[in-house]
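Peer 1: Sequence plus the predicted model coming up.
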Amino acid sequence: METELQNKSVYFLRNTMYINVTNLCSNNCLFCIRNFNDEVAGVNLWLAEENIAAGKIIEEIKENSPESRDEIVFCGYGEPLIKIDIVREIAKFIKDNYPNIPVRVNSNGHANLIHKRDVVPELTGLIDAISISLNADNADLYQILSRTCFDKELAFEGVKNFAEECQKYGIDTTLTVVMGFEDYKIDLKKCREIAKSLGVKFKIREWLSDGYV
């Protein structure tokens with residue numbers, strides 16, 4: 001059922017401002033909360049309008065005291081970097097007007113595959129940190145869990161390459177794995193080793209039907 005907040009892009013968890021820019025994603029992850037819940041923090045994250053202008057989102061940001069937030073994160077029911085131009089425009093606005101607030105992107109790591117170019121240089125100076133879903137320790141399990149539209153090997157390697165590139169360009173990079181969804185055997189030791197080999201951080205996210213921690 002449509003709610004009055006359905007076509008808003010800004011929502012909050014604790015003192016973090018989140019920005020939702022798209023419903024589109026190159027994955028259809030089994031554990032994605034969009035498959036279980038239309039709302040996060042009381043806000044319906046399904047956007048009724050896919051092509052929301054950056055200017056409209058910027059107005060929403062300005063109306064919600066961004067200067068008082070601990071962090072601003074691009075994250076919704078889709079892959080934010082599908083709309084990389086919008087993300088860049090909004091991030092530039094934040095950096096120009098609220099330079100002390102860190103900006104993060106939560107991503108599936110497919111941006112270079114989606115745009116068929118290396119987009120990481122376009123994010124430098126605008127994005128401080130990025131959290132990238134590794135999801136599994138091998139391509140076969142990655143495909144089972146992520147149900148990506150790309151070839152499984154291409155997708156899994158693409159995620160790792162993207163993470164390494166982000167770290168190389170000075171973006172604080174973390175690879176993540178979701179645990180607690182059914183009984184899939186993810187080898188956490190191998191996942192940690194992958195992150196270490198790429199020189200990035202590693203984080204386990206616990207699965208809940210109404211969100212992740």
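Peer 2: Good, I have the coordinates. Just so it is clear, the structure is predicted and the values come from calculations on it, not from any experiment.
Peer 1: tell me the centre residue of this protein?
Peer 2: Note on the chain: the residue nearest the mean C-alpha position is N106, at 2.0 Å, using CA atoms, centre = their mean.
Peer 1: Could you check which helix or strand contains that one?
Peer 2: strand 103-107 (DSSP states H and E).
Peer 1: Paired strands for that strand, with orientation please.
Peer 2: strand 71-74 (parallel), strand 129-133 (parallel) (DSSP bridges).
Peer 1: May I ask you to confirm that the residue nearest to the centre of the chain is in contact with E71?
Peer 2: No. Using CB atoms under 8 Å, N106 is not in contact with E71, being 11.3 Å away. (Glycine included, C-beta is placed from N, CA and C.)
Peer 1: Would you tell me which helix is longest in this protein?
Peer 2: Longest helix in the chain, counting residues (DSSP state H): helix 152-168.
Peer 1: pLDDT averaged over that one, what's the number?
Peer 2: Per-residue pLDDT over helix 152-168 has a mean of 98.
Peer 1: now swap in stretch 26-34 and tell me
Peer 2: Across stretch 26-34, pLDDT averages out at 89.
Peer 1: circling back: give me the nearest residue to the residue nearest to the centre of the chain, chain neighbours excluded.
Peer 2: Spatial nearest neighbour of N106, excluding adjacent residues (CB to CB, 6 or more residues apart in numbering): C75 at 3.9 Å.
Peer 1: What is the end-to-end distance of stretch 125-132?
Peer 2: 18 Å (CA to CA, to the nearest Å).
Peer 1: the strands in this structure, which residues?
Peer 2: Ranges of strands in the chain, per DSSP state E, are 10-13, 16-19, 39-40, 43-44, 71-74, 103-107, 129-133, 172-179, 201-208, 211-212.
Peer 1: In terms of mean pLDDT, which of these ranks lowest?
Peer 2: Among these, strand 211-212 scores lowest, at a mean of 51.
Peer 1: just how off-centre is the strand holding N106 within its chain?
Peer 2: Centre-to-centre, strand 103-107 and its host chain are 5 Å apart (CA atoms, centre = their mean, to the nearest Å).
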